[in-house]
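1. My questions concern the predicted model and sequence given below.
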Amino acid sequence: MQQKYSQVAELLIDLECTLRNMNLWSNERPSQEALASQQPFCIDTLDFDQWLQFVFIERMSLIVERELPLPTECGLAPMAEEYFRGRTTPSTLIRQLEAIDRTLSS
């Protein structure tokens, strides 16, 4: 199980690097109200890349750090494909999200 936490930690670091390289990393934190959305992926208050940065990466980092139970299902790649539909799809980002999905679902 320890190996899975290490894999997830590496994937989260890679995801952050990709978001930064794509200029999708923000230095400005969304409001508490925006982060408190009850909708999946905070779709009503955040862009998908904001959700990845301020919700997913932060929560998953805490889970890994404290070795809390990891989610057993994840569907980030399909959400990213939907979010980027009609725009240039960042294939590196999609591949990384697929790797996270596979790792958490295995």
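-> That came through fine.

2. got a list of what Leu24 touches?
-> By Cβ atoms under 8 Å, 6 or more residues apart in numbering, the residues touching Leu24 are 49, 53. All C-beta spots, glycine's among them, are computed from the backbone N, C-alpha and C.

3. and with 6 Å instead?
-> Asp49 (Cβ atoms under 6 Å, 6 or more residues apart in numbering).

4. State the helix or strand in which it lies.
-> Leu24 is part of no helix or strand, with elements assigned from DSSP states H and E.

5. Provide the backbone phi and psi angles at it.
-> phi -110, psi 10 (degrees, to the nearest 10).

6. in the chain, which spans are helices?
-> 2-21, 32-35, 48-51, 58-66, 76-83, 91-105 (DSSP state H).

7. Please identify the most buried of the ones you listed.
-> helix 48-51 (a mean of 20; mean count of other Cβ atoms under 10 Å).

8. who touches it?
-> 24, 30, 41-42, 83.

9. With distance to Glu73 and pLDDT added, can I get those in a markdown table?
-> What follows is the contacts of helix 48-51, written out as a markdown table (distance: Cβ to Cβ, whole Å; pLDDT from 0 to 100):
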| residue | distance to Glu73 | pLDDT |
| --- | --- | --- |
| Leu24 | 24 | 92 |
| Pro30 | 25 | 97 |
| Phe41 | 14 | 93 |
| Cys42 | 19 | 96 |
| Tyr83 | 19 | 90 |
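
10. what's the farthest-apart pair in the residues you listed?
-> Within these, two members stand farthest from each other by Cβ to Cβ: Pro30 and Tyr83, at 16.2 Å.

11. what ranges of this structure fall below the confidence cut-off?
-> Scanning the chain for pLDDT under 70 picks out the ranges 1, 89.

12. now, among the contacts of helix 48-51, which is nearest to Thr72?
-> Distances from Thr72 to the contacts of helix 48-51, taken by Cβ to Cβ, are shortest for Phe41, at 18.2 Å.
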